[in-house]
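[1] Give the three-dimensional model of this entry:
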Amino acid sequence: MTDNGNFITLTEMADGFSEHNLKQTGDLVDKMITVYAENGQVIQYQFKDMHNLSYEIIEGEHKGLGESVTYIATQPRKGYFYLGYVDQFNHFISVVLDFKKNIASLISGEFPTDETDTLPIFKRVMHDLPPHASKITCLHASLDTPFNDQTEKHEPSTDLVGQMVSYSYSEKDAYLHIYHPNNLFTWACFSGNEAELADTDYATFLKLDDDLYVIIWIEKVLHVISTILLDFKQMRSSGAMASYAGKDYASDILMVPSGAVIEKIKAPNLTDLKPAKLS
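    Okay, the predicted model is just below:
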């Protein structure tokens, strides 16, 4: 833990954090994939090599814009891919590619700036705003065919509400998660660079398949946005997290891979607990 007990930057937190990451997949190299989002946006991806892709927005907002970016991609389970990159607007983009159903989930994370983050947490909640200043947009999408009313979707899930899960990112970095109702979770670092730090933040889940989920969480202090696939058959997580690299909003957006050995902890399901009665 830091000497003054404060939170540390994503750069400091992620130092030595990669021991249990899944390997970058090469199965997307030389492929072209078109993602049709439910809002009419169409994005075409061309995977140039193991670490670089180009994309172009074919339809929708910013039509005609494109660029080349570095990316993170893993294949946690056969037929399912995680894709993450930071675009030209400093948005953290995650795409969950599901070739079993030929669908996708397109997640866009937007970080606060000095111009947009003008209220302290107290005033945010008193104005009926969420305590976190980062924002996410999650869109259902189809792969290589236009989205329509019959397109399947990765539906929101409450399967993990009330459960506790440990995440071991390396031999020294490990956390405990407790998942609550109303899109909240508590994280606590019990070993590593953030040891003895904890908080309760926003989290939501989409169910991809049996024992396979994507968790999206937003931290209100460091503005970290994480998009992580959880495979409870393999007992592994895989994805990425992003936030400011430094200690102010002038620093670059840093994206780092995130992979852990996960384990469900035997503990009371919090949703089953009842207040004690006076005897």
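[2] all helices of the chain, in order?
    10-13, 121-126 (DSSP state H).
[3] for the ones you listed, which one sits closest to residue 115?
    Closest to residue 115 of these, according to C-beta to C-beta: helix 121-126, at 15.4 Å. For every residue, glycine as well, the C-beta is placed using N, CA and C.
[4] before we move on, the earlier item: CSV please, covering the helices of the chain and showing mean neighbour count, distance to residue 228 and mean pLDDT.
    Compiled in CSV, the helices of the chain are given as follows (neighbours: other C-beta atoms under 10 Å; distance: least, C-beta to C-beta, whole Å; pLDDT from 0 to 100):
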stretch, mean neighbour count, distance to residue 228, mean pLDDT
helix 10-13, 19, 15, 92
helix 121-126, 12, 24, 96
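[5] Compare those and give me the one nearest residue 260.
    Residue 260 lies closest to helix 10-13 among those, at 13.6 Å (C-beta to C-beta).
[6] Report the central residue of this structure.
    With distances taken as C-alpha atoms, centre = their mean, the residue of the chain nearest its centroid is residue 227 (1.2 Å).
[7] Let me have the helices of the chain in a markdown table, adding distance to residue 200 as columns.
    Shown next, in a markdown table, are the helices of the chain (distance: least, C-beta to C-beta, whole Å):
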| stretch | distance to residue 200 |
| --- | --- |
| helix 10-13 | 18 |
| helix 121-126 | 12 |
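[8] Nearest to residue 38 among these would be which one?
    Of all the helices of the chain, helix 121-126 sits nearest to residue 38, with 28.8 Å by C-beta to C-beta.
[9] Contacts only, for the nearest residue to residue 60 once chain neighbours are set aside.
    Among residues not flanking residue 60 along the chain, residue 41 sits closest, at 3.2 Å (C-beta to C-beta, 6 or more residues apart in numbering). Residues counted as contacts of residue 41 (C-beta atoms under 8 Å, 6 or more residues apart in numbering) are 57, 59-61, 106, 139.
[10] Return the distance of residue 41 relative to residue 147.
    As judged by C-beta to C-beta, to the nearest Å, residue 41 and residue 147 stand 10 Å apart.
[11] End to end on stretch 39-50, go ahead and measure it.
    In stretch 39-50, first residue to last residue: 30 Å (C-alpha to C-alpha, to the nearest Å).
[12] and that stretch, how far from the chain's centre?
    19 Å (C-alpha atoms, centre = their mean, to the nearest Å).
[13] Report how many residues lie close to the residue nearest to residue 23 when sequence neighbours are not counted.
    Nearest non-adjacent residue to residue 23, counting by C-beta to C-beta, 6+ apart: residue 74, 7.3 Å away. Number of residues near residue 74 (other C-beta atoms under 10 Å) recorded here: 24.
[14] what bridges to residue 74?
    On the basis of DSSP bridges, residue 74 is bridged to residue 82.
[15] so what's the residue lying closest to the residue nearest to the centre of the chain once chain neighbours are set aside bridging to?
    For residue 227, ignoring the flanking residues on the chain, the nearest one in space by C-beta to C-beta, 6+ apart is residue 94 at 3.8 Å. Beta bridges link residue 94 to residue 84, residue 107, judged by DSSP bridges.
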